[in-house]
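> No letters, just coordinates:
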C-alpha cells in the first residue's frame, strides 16, 4: 500500500480523498494556488506545496509543477480528483514515467474514452447502443447545417473534448446551428484546447442515466448500479440519485453489461462511469444510448457509495496499488435510496447568475463524517465540502460550495431528509441555490419520478421565484415571525431599561407576508387568524436559525433582520415579513410605497464577467430576440438578447472590458 498520496486538485474533492487516505493510514500532500493558500484542503493535508497564481492554467493545470511537488514530498501516488488533469492522457503517462502511481485508469483508456468521437466508434464496435449522428470532423458552419438537416432536428452540437456542460448547444433549426456552431467551437478551444465539434440526434424526453464501474488490474470489472442525473441546468447536473426511479432490474443488467463490455474493450481499471441517454418514452428497456465514458471519479459518486456501502476512493487506491477487487458482481447489493444536491454559488432569483465573494457565514447541517457503509437504519445526512466560513468562492474555479447527500430506506425518505437539511443550511455573503434545491425536492413531478433533462426548463420557464407556501406553512411562518419579533422587542426593552418586573405573557401582532395581513397572538404557542398553532419557537436574539416544534415535527427557519422587518427562509422560499402592532398596521396601509427606478431601457450585465463581443452599433434598430452582446463568465459564453424591439442610443463598454453585475452595457432610445 502507498505511504503518501498527493491530491492534484482542490476544494471538496481534495478533502474527500484526504479523509479516506487518513482512514487508511496514508500520509497526504495538498497542492494549492495563491487563491487557495488558506483553503480547507490545504489545512487538512499533512503537507502542502504552492503551485502558482490563482488561474488554473498557471497552477492546477501545470503537470510539471504537480510532479515536482510529488517528488519533493516523496509522494508515491497521485490522485487527480475530477476536472483539471484527471482525464489527461499526458498526465497519466508523465506519472508513470516519473515512477509515481496514478490513482486512475491506464493512459490508453483515458485517450480512447477522452475523445467523444473516437469513443463512440469504440462503443459501437463493443456492441454498445449509440445515438445516431455524425462523428467525422466538421469543416465549417455550412457543413454543420447540412449534417444537422440530414440527421433531422433537433440535434445536439458538442465539443469533442467537452464535459461539465461546456461546449454544448441544442439546435432546433438551421438558425440555431448558424448561431451556435462557432460558439461551440470557441468554448471547446477555450476550455479543452480542442475546437472539434460533432453533431448527434437529440433524444426527446431524455433521461440522463449513468453506470458506475470499478475494475482492477487483474481483469475484474463490476458495475455498481446506476445513477439518475436528469435534473440539469445548461447541461450541468444539479440533482443526482441512486438508483433511478425509471430503471428496472432487467434494464439495469443490460446497461451494466454493456458498460462492462466497453470498459473491457479498452483494458479499463479503476473507477469510471459510462453515461447514457435514455428515452423516457421507451417502455421496452432497450431505449438507452452511449453518451461518453468519464475516466475518473464523478462528482456524484457519494450516492453510489450510499446504496452499496463501498468507499469508491478507497477502491481506487487499492486498485492503483495492484490489489484485486474484494467482491464479485453477484455480491454487489443496492440498499435504500440516496440523493445528492449540488449547492452552488449562484442566484436562482436572478436567472441563476454566478455569485462570487466571501462566505460571511457558512454552517452546513449536522452530518455524519464518514458514512461509508452506513446503509440501514433510519437514514443519514452527509455533507462533502471544501469551503469554510470566511473563505472565498473565487471566479477562477467551479462555483460549488458543497454537496448535500441524504440516504433513506425509500426515495421519499431521502427527499424529505434533503428538505430538512437544506432548511438548516446557513450561507451568507453571496447568492446560493439552497431555496431552489429545496423547491426541487418538494416538487410533485420530482416526487413522481417523471424526470427528463428538460425538467428545470419545463417547470420553471419564467425563472424561479421561490417554492409556493400553502396555508399551513404560511400560518407557521406568521407564528415564527411574531415570536421572533416579540423576543427581539423584549431584549431591546431590557437593554434600555423599559421592561417592567412582570413582562407580558402574550402579545398581539399583525404579520404581513406577501402583502397579506395575519392577526397573530403569541404566548404559550400561537393563534394565527383564529387557528391555534401548537408548539414552541426556539430562538434567541442573534440566532440565525429558528426552530418551530410541534410534537415530533420540526421546522427550521433561517432568520435575518431587515430595516422593515424580517426575512424568513424555509421550504424553498425566502419571505419578506413585516411585524406591526395592530394600530400601527392600520396606519401603514395608507403609507406611500416607494417605486424603484425604471431600468428597462438598459441592457444590464446579468453577472460579473468579460464582455467579449458587442453585436450592435449606436443608432441601430434591433428586434426582440436579437443578440446584443456576449459575456463570458465561468468559461461559458452567455448571449444577451433584446427583450423587445428598439433603437440603440449609447454603448457604454467595449469588447475586452470587465463587467460588474448590473453594469449598463448599452442604453436604448
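Noted; the coordinates are in hand. If you're wondering where the values come from, they're calculated on a predicted model, not measured in any experiment.
> for the stretch 401-550 of the chain, which spans come out with low pLDDT?
Residue ranges of the stretch 401-550 of the chain with pLDDT under 70: 496-506.
> And stretch 188-203, end to end?
End-to-end distance for stretch 188-203, by CA to CA, to the nearest Å: 22 Å.
> What score does the residue positioned nearest the centre of the chain have for pLDDT?
Among the residues of the chain, residue 342 comes closest to the average C-alpha position under CA atoms, centre = their mean, at 3.3 Å. For residue 342, the pLDDT comes out at 97.
> Got phi/psi on residue 395?
Here is the backbone geometry of residue 395 (degrees, to the nearest 10): phi -70, psi -10.
> Go ahead and confirm it touches residue 345.
No - with contacts counted by CB atoms under 8 Å, residue 395 stays clear of residue 345, the gap being 10.0 Å. To be clear about C-beta, it is placed using only N, CA and C from the backbone, and glycine gets the same treatment.
> what's the span of stretch 310-329, first residue to last?
Start-to-end, stretch 310-329 (CA to CA) is 13 Å.
> per-domain residue ranges of the chain.
Taking automatic domain parsing as the reference, the chain has its domains at 4-103, 132-201, 206-459, 471-495+505-588, 602-668.
> Kindly reformat those as JSON lines containing distance to residue 109.
What follows is these, written out as JSON lines (distance: least, CB to CB, whole Å):
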{"stretch": "domain 4-103", "distance to residue 109": "9"}
{"stretch": "domain 132-201", "distance to residue 109": "16"}
{"stretch": "domain 206-459", "distance to residue 109": "5"}
{"stretch": "domain 471-495+505-588", "distance to residue 109": "42"}
{"stretch": "domain 602-668", "distance to residue 109": "26"}
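> nearest to residue 122, of those domains?
domain 206-459 (6.3 Å; CB to CB).
> ok now the closest one, how far from the chain's centre?
10 Å (CA atoms, centre = their mean, to the nearest Å).
> First-to-last residue distance for it?
Note: domain 206-459 ends 15 Å apart using CA to CA.
> Which stretches in the stretch 551-669 of the chain count as helices?
582-588 (DSSP state H, counting those that start in this stretch).
> Could I get the full set of strands for the stretch 401-550 of the chain?
Under the criterion DSSP state E, counting those that start in this stretch, strands of the stretch 401-550 of the chain are mapped to 426-428, 507-513, 516-523, 525-528, 531-533, 536-538, 545-550.
> Now render the ones you listed as a markdown table, adding distance to residue 380 and mean neighbour count.
Putting these into a markdown table (distance: least, CB to CB, whole Å; neighbours: other CB atoms under 10 Å) gives the following:
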| stretch | distance to residue 380 | mean neighbour count |
| --- | --- | --- |
| strand 426-428 | 20 | 18 |
| strand 507-513 | 34 | 21 |
| strand 516-523 | 35 | 18 |
| strand 525-528 | 32 | 20 |
| strand 531-533 | 30 | 15 |
| strand 536-538 | 23 | 17 |
| strand 545-550 | 20 | 18 |
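> Low-confidence bits of this structure, can you list those?
Checking the chain against pLDDT under 70 turns up 163-165, 368-377, 496-506, 583-596, 634-635.
> Try it again at 50.
Along the chain, the parts satisfying pLDDT under 50 run over 501-502, 587.
> in it, which helix has the most residues?
The residue-count maximum for a helix in the chain (DSSP state H) belongs to helix 471-496.
> can you give me the helices in the stretch 301-450 of the chain?
Under DSSP H, counting those that start in this stretch, the stretch 301-450 of the chain gives helices at 301-308, 312-320, 411-424, 434-442, 444-448.
> Just the endpoints, please. Distance across stretch 420-428?
Start-to-end span of stretch 420-428 (CA to CA) is 19 Å.
> Also stretch 431-449?
Using CA to CA, the two ends of stretch 431-449 sit 29 Å apart.
> Using a markdown table, lay out the strands of the stretch 401-550 of the chain together with distance to residue 2.
Formatted as a markdown table, those follow (distance: least, CB to CB, whole Å):
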| stretch | distance to residue 2 |
| --- | --- |
| strand 426-428 | 36 |
| strand 507-513 | 57 |
| strand 516-523 | 60 |
| strand 525-528 | 59 |
| strand 531-533 | 58 |
| strand 536-538 | 48 |
| strand 545-550 | 42 |
